[in-house]
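J.: Pasting the sequence and the predicted coordinates here, then a few questions.
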Amino acid sequence: AIKIMSPSIRQLIKSARELLQRGDADSCLKVCEEISKENQIQSAVDQQAYVALLITKGMASMQLERWELGIESFQSAALIQPDLPQIWKGLIDCFTASNRENESAECYVKMIELMISKRNYARAKVLLNKALGLVMEKGDDSKERAQKI
């Protein structure tokens, strides 16, 4: 049986987002972790809310400079709903902040694909230039990476 998400869980997610908007990333993260522990909200019916929870958790993690938790949250969200640009942007930001730029190449590719599919060619061009700049500054294996992108 699929458990339908109760309004109280949605309200908790909304509260977590409000905490984040007020700059209280620590409390936001605690609420997100509590929601995850207390509720099995990964069913098909709950996917949209679960992705919102993961994105909120990722954003709070970024504000607290907890890059690994941010990466984990955004990667989990990407597995469920890979067509949301903010997920890939969060991953790029976390990888960059944690000096793991080389791992952001796939994220740039995904964001560029999303922008092209939405006919946002100007944004795709900006992302492509950023990705190429990243590849070119990496040195010896830059040609190999440029071919991947």
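T.: Received, thanks. Numbering: from 1, shown residues only.
J.: Give the residue spans of the protein that score low on pLDDT.
T.: Low-confidence segments of the chain (pLDDT under 70): 1-8, 38-45, 138-149.
J.: center of it, which residue is that?
T.: The centre of the chain sits closest to residue 87, judged by Cα atoms, centre = their mean, with a distance of 2.8 Å.
J.: count of neighbours near residue 34?
T.: Number of residues near residue 34 (other Cβ atoms under 10 Å) recorded here: 12. The C-beta positions use only the backbone N, C-alpha and C, and glycine is treated the same way.
J.: Secondary structure element holding it?
T.: Using DSSP states H and E, residue 34 maps to helix 25-38.
J.: helices and strands around that helix, which ones?
T.: Packing partners of helix 25-38 (3 or more Cβ pairs under 8 Å, 6 or more residues apart in numbering; DSSP states H and E): helix 7-21, helix 47-63.
J.: can you tell which of these is closest to residue 130?
T.: Of all the helices and strands packed on helix 25-38, helix 47-63 sits nearest to residue 130, with 18.0 Å by Cβ to Cβ.
J.: Please work out the angle formed by the directions of the closest one and helix 25-38.
T.: For helix 47-63 against helix 25-38, the angle by axes from the mean of the first three to the mean of the last three Cα atoms, to 10 degrees is 140 degrees.
J.: Put the alpha carbons of helix 47-63 into CSV.
T.: Taking Å, rounded to 0.1, in the frame of the first residue of the first chain, the C-alpha atoms of helix 47-63 are listed here in CSV:
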residue,chain,number,x,y,z
GLN,A,47,8.4,12.0,-4.6
GLN,A,48,7.8,15.6,-5.2
ALA,A,49,7.7,16.5,-1.5
TYR,A,50,10.7,14.3,-0.9
VAL,A,51,12.7,16.1,-3.6
ALA,A,52,11.7,19.4,-2.0
LEU,A,53,13.0,18.1,1.3
LEU,A,54,16.3,17.0,-0.2
ILE,A,55,16.8,20.3,-2.0
THR,A,56,16.0,22.2,1.2
LYS,A,57,18.4,19.9,3.1
GLY,A,58,21.1,20.5,0.5
MET,A,59,20.7,24.3,0.6
ALA,A,60,20.9,24.3,4.4
SER,A,61,24.0,22.1,4.2
MET,A,62,25.6,24.6,1.8
GLN,A,63,24.9,27.5,4.2
